[in-house]
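Q: output the structure for:
(chains A and B)
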Amino acid sequence: MRALLLTAAVVSTTALAGPDAGVPAAALTEVQVTQALGASCTPCHAVELVEQQRITQPQWLKTLKKMKTFGALVDDAQLEPLAAALAAKWNPSVPDVVPPRVKASEVHAQFRPLPDGPFAKGDAKRGEALFQARCAVCHGPAATGLIGVNLVDRLLLYRAAEVAATVRSGRGVMPPAPDLTDANFADLLAWLRSRKP
Amino acid sequence: MQGGAALALTSLWPRSPWAAPAELLAHSPRPQQLATPLEAFDRLLTPNDLFFIRSHLTTPAMDPTRRVTVGGLVSTPLELTVKALGAFPQVTVTAVLQCAGNGRALFKPRMPGVQWVYGAMGQATWTGVRLGDVLAKAGVKPGAAHVHLKGADAPPRPQTPPFFRSIPLEKALPDTLLCTRMNGEPLPLEHGGPVRVVVPGWAGDHWLKWLTHIELAADELDTFFVKTGYRVPSEPVAPGAAVPPEKMIPVTVMPVKSVIARPLEGATVKRGPLEVVGVAFSGFAGIAKVEVSADGGATWLPASLEGEAGMGRWQVFRAKVKAESAGELTLLSRATDAKGNVQPQEAAWNPAGYHWNAWHRVPVKVA
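A: Below is the predicted model:
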């Protein structure tokens, strides 16, 4: 499953590194970089954290290696070409990002629960069965994270409408699940909220 | 000081209403990393809604029933709810919370990390109980030397190192609080509610959010963000130098620093008297003086100080300089603490970009 997802989302290792180790890898295309960011970086953090870096290629390589030890999904053979591509886009000679000003009230609202609305009153038992069938392969049978992120004791469980929208449209390596109904999400959330760390 | 005193103290201090719409600088939406705008550093207390937000991993659920367990080398392990913490004597301290990486974007050569400039700091009143009082109830066993602090800031994946902290018992006992109120309000989730750790004078990485476990141990906790992350060279190094791990020590006490909130960089100011306002603090001692220069550091004018001096606490400074002639003018601020530490012209470069504290340099245009 893991290999399948990687193949689908990331350009293949062979294409990046070249069949012969002595041949320098071809530069990644813009599309390949975007795909790599989606597969390796943005499952755990926003792309803004990548775009604001102003570091050299060796620093990018070191960072990618560190992120791999932290659980980022990236093939070893992909590290060098990806570091080169990121350094070409974001290096010390590129002007700094000016962080956008956002309304403080909107920021704080993100830390508050949303009303459950149609996602209320789920059945935890049904939710568990559905989770094991549809989500556990990536999020782990205990929902503590594997390829997908840890879902236990998280604020996002109390922002049901956002969870439903993200899961239905997919994000990064998470495929879209437009078939899941409001009642399905209610069941999933009932089970996930019952899990203790 | 008993609970409730924070509000009385606050009301004595000069506070002007926040005129502009409250805004934060968005460095990252996930996890949320948001900075306070520089112009907010003209007052003793940073309002909660303008206070910077630094989240290491993903935000846990707001759980008012979350318990703090106390274990390890103690005689009586404890399990404390927020209500149970309320039974201990309540203490309020005023202290600066500053991310260790505040100012990282100003170092050259650059390093990876959240590219904070000035805004990853703020001052609030923090109300809670002394960690020392809680540990006295639990009974610290002989041999305990470190307090391991763990929170609900869970890693997204099993391979991701947890964000735990380890504080030596000698720092934890006199100064550290388990905080449940910020500026008089219940501690908001984004700031670590219901319970976070407050370590006055020390960098923000020690101020663990969403506290769940306190464990007494003989040794420092052996996790990535203790043993590898959040470390600085034990001695000054040349900018860009690679520093071997055995020469790295934990980032702890905040060095003396001042920041100018008004005027802002690039502002157009009128000829004549010009008021320069900002804040200054040091993790070593209270502020002794702040000086401002309007001539590139050739001459320095003393600033007046507002608020109470104290370790890890900021005071507001004000100085009147003269904008003599039209054209470019660069303002500088330089703080000195009561132990004689002077804010340096250049910050000490270090591999992870911690503790930026160079003179604040603010070029303006005189009309």
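Q: next one: phi and psi at residue 48?
A: Since no chain was named, I'll use chain A. phi -60, psi -30 (degrees, to the nearest 10).
Q: I was thinking of chain B, sorry if that wasn't clear
A: phi -50, psi -40.
Q: show me the contacts for the residue nearest to B:K108 when sequence neighbours are not counted.
A: In space, and not counting its chain neighbours, B:K108 is closest to B:P239: 6.7 Å by Cβ to Cβ, 6 or more residues apart in numbering or on different chains. The C-beta positions use only the backbone N, C-alpha and C, and glycine is treated the same way. With contacts defined as Cβ atoms under 8 Å, 6 or more residues apart in numbering or on different chains, the neighbours of B:P239 are B:F107, B:K108, B:P109, B:W349.
Q: just the helices from the chain, written as ranges.
A: No chain was given, so I picked chain A. A:2-9, A:13-17, A:30-36, A:48-51, A:57-69, A:76-89, A:104-109, A:124-134, A:136-139, A:160-169, A:182-194 (DSSP state H).
Q: try again with chain B
A: Using DSSP H, helices in chain B cover B:5-12, B:82-85, B:131-138, B:169-175, B:224-227.
Q: which of those helices sits closest to B:A319?
A: Closest to B:A319 of the helices of chain B, according to Cβ to Cβ: helix B:5-12, at 23.1 Å.
Q: show me the shaky parts of the chain.
A: Since no chain was named, I'll use chain A. Low-confidence segments of chain A (pLDDT under 70): A:1-25.
Q: that was the other one, I meant chain B.
A: In chain B, residues with pLDDT under 70: B:1-20.
Q: try 90
A: Residue ranges of chain B with pLDDT under 90: B:1-21, B:55-56, B:63-65, B:154, B:157-158, B:173-174, B:296, B:324-325.
Q: out of the helices of chain A, flag the one nearest chain B.
A: helix A:104-109 (3.8 Å; Cβ to the nearest Cβ).
Q: against which helices or strands is the closest one packed?
A: strand B:23-29 (3 or more Cβ pairs under 8 Å, 6 or more residues apart in numbering or on different chains; DSSP states H and E).
Q: parallel or antiparallel, list what pairs with the strand it packs on.
A: Here strand B:23-29 is paired, per DSSP bridges, with strand A:101-103 (antiparallel), strand B:32-35 (antiparallel).
Q: just the CA trace of the longest one, in CSV.
A: What that stands for is strand B:32-35. Only the C-alpha atoms of strand B:32-35 are listed here, as CSV (Å, rounded to 0.1, in the frame of the first residue of the first chain):
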residue,chain,number,x,y,z
GLN,B,32,-0.1,27.4,13.3
GLN,B,33,2.9,29.8,13.6
LEU,B,34,1.8,33.4,14.0
ALA,B,35,3.8,36.4,15.1
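Q: need the residues that contact it.
A: Contacts of strand B:32-35 (Cβ under 8 Å, 6+ apart): A:49, A:99, A:102, A:107, A:110-111, B:24-27, B:52-55, B:59, B:114, B:116-120, B:190.
Q: might one say that B:I53 is in contact with B:L25?
A: No - look at B:I53 against B:L25 with Cβ atoms under 8 Å: they stay out of range, at 10.5 Å.
Q: count of neighbours near B:T252?
A: B:T252 has 19 neighbours, counted by other Cβ atoms under 10 Å in any protein chain shown.
Q: top of the contacts of B:P239 by number of neighbours, please.
A: For the contacts of B:P239, neighbours tallied by other Cβ under 10 Å; top is B:F107, 23 neighbours.
Q: phi and psi next, for that one.
A: Phi and psi for B:F107, reported as degrees, to the nearest 10, are phi -80, psi 150.
Q: isn't it right up against B:P351?
A: No - contact criterion Cβ under 8 Å: B:F107 and B:P351 do not qualify, at 9.7 Å.
Q: among the helices of chain B, which is nearest chain A?
A: helix B:224-227 (8.4 Å).
Q: how about residue 61, what does it touch?
A: Since no chain was named, I'll use chain A. Taking Cβ under 8 Å, 6+ apart as the test, what A:L61 contacts is A:L79, A:E80, A:A83.
Q: ah, I was thinking of chain B
A: A:D153, A:R154, A:L155, A:L157, A:Y158, A:R193, B:A152.
Q: repeat that for B:R318.
A: Counting by Cβ under 8 Å, 6+ apart, the residues that B:R318 touches are B:E275, B:V276, B:V277, B:A303, B:S304, B:E306.
Q: over to B:T36?
A: B:L24, B:L25, B:T46, B:L50, B:F51, B:F52, B:G119, B:A120, B:M121, B:G122.
Q: quickly note the distance from the nearest residue to the first one once chain neighbours are set aside to B:Y230.
A: Looking back up the chat, that one is B:L24. Nearest non-adjacent residue to B:L24, counting by Cβ to Cβ, 6+ apart: B:L34, 4.1 Å away. Going from B:L34 to B:Y230 by Cβ to Cβ, to the nearest Å gives 20 Å.
Q: ditto for B:V114
A: For B:V114, the distance to B:Y230 - Cβ to Cβ - is 13 Å.
Q: again, but for B:R262
A: From B:R262 to B:Y230 the distance is 32 Å (Cβ to Cβ).
Q: give me the number of residues near residue 188?
A: Assuming you mean chain A. Neighbours of A:L188 using other Cβ under 10 Å come to 28.
Q: wait, I meant chain B there
A: Neighbourhood size, B:P188 [other Cβ under 10 Å]: 19.
Q: check contacts around B:L301.
A: Applying Cβ under 8 Å, 6+ apart, the residues near B:L301 are B:E291, B:V292, B:S293, B:A294, B:A319, B:K320, B:V321.
Q: setting aside sequence neighbours, what's the nearest residue to B:P89?
A: The nearest residue in space to B:P89 (Cβ to Cβ, 6+ apart) is B:D133, at 6.2 Å.
Q: ok, the one you found to B:T94 distance?
A: 19 Å.
Q: neighbour count winner among these two?
A: It is B:T94, of B:D133 and B:T94, that has more neighbours when counted by other Cβ under 10 Å, with 22 against 16.
Q: that one bridge partners, please.
A: With DSSP bridges as the rule, B:T94 is bridged to B:T125.
Q: that one touches B:L177, doesn't it?
A: No - counting by Cβ under 8 Å, B:T94 does not reach B:L177; the two are 11.6 Å apart.
Q: who touches both of those two?
A: With Cβ under 8 Å, 6+ apart, B:T94 and B:L177 have common neighbours B:W126.
Q: list the contacts for the closest residue to B:V243 other than its chain neighbours?
A: Leaving aside its sequence neighbours, B:V243 sits nearest to B:P233 (Cβ to Cβ, 6+ apart; 4.7 Å). If you count contacts by Cβ under 8 Å, 6+ apart, B:P233 has them with B:A241, B:V243, B:K247, B:M248, B:I249, B:N350, B:P351.
Q: what do you get for B:T76?
A: B:T76 touches B:K137, B:A138, B:G139, counting by Cβ under 8 Å, 6+ apart.
Q: nearest to A:T34, of the residues you listed?
A: Looking across the contacts of B:T76 and measuring by Cβ to Cβ, the closest to A:T34 is B:A138, at 52.0 Å.
Q: pull the contacting residues for the nearest residue to the closest one once chain neighbours are set aside.
A: Leaving aside its chain neighbours, B:A138 sits nearest to B:V74 (4.0 Å; criterion: Cβ to Cβ, 6+ apart). The contact partners of B:V74, by Cβ under 8 Å, 6+ apart, come to B:L135, B:A138, B:G139, B:V140, B:K141, B:A144, B:L216.
Q: which ones are touching the nearest residue to A:K121 once chain neighbours are set aside?
A: Residue nearest to A:K121 in three dimensions, not counting chain neighbours: A:A186, with 6.2 Å by Cβ to Cβ, 6+ apart. Contacts for A:A186 were tallied using Cβ under 8 Å, 6+ apart; they are A:D116, A:P118, A:F119, A:A120, A:K121, A:G122, A:D123, A:G127, A:A160.
Q: and with 10 Å instead?
A: When contacts are counted by Cβ atoms under 10 Å, 6 or more residues apart in numbering or on different chains, A:A186 touches A:D116, A:G117, A:P118, A:F119, A:A120, A:K121, A:G122, A:D123, A:R126, A:G127, A:A160, A:A164.
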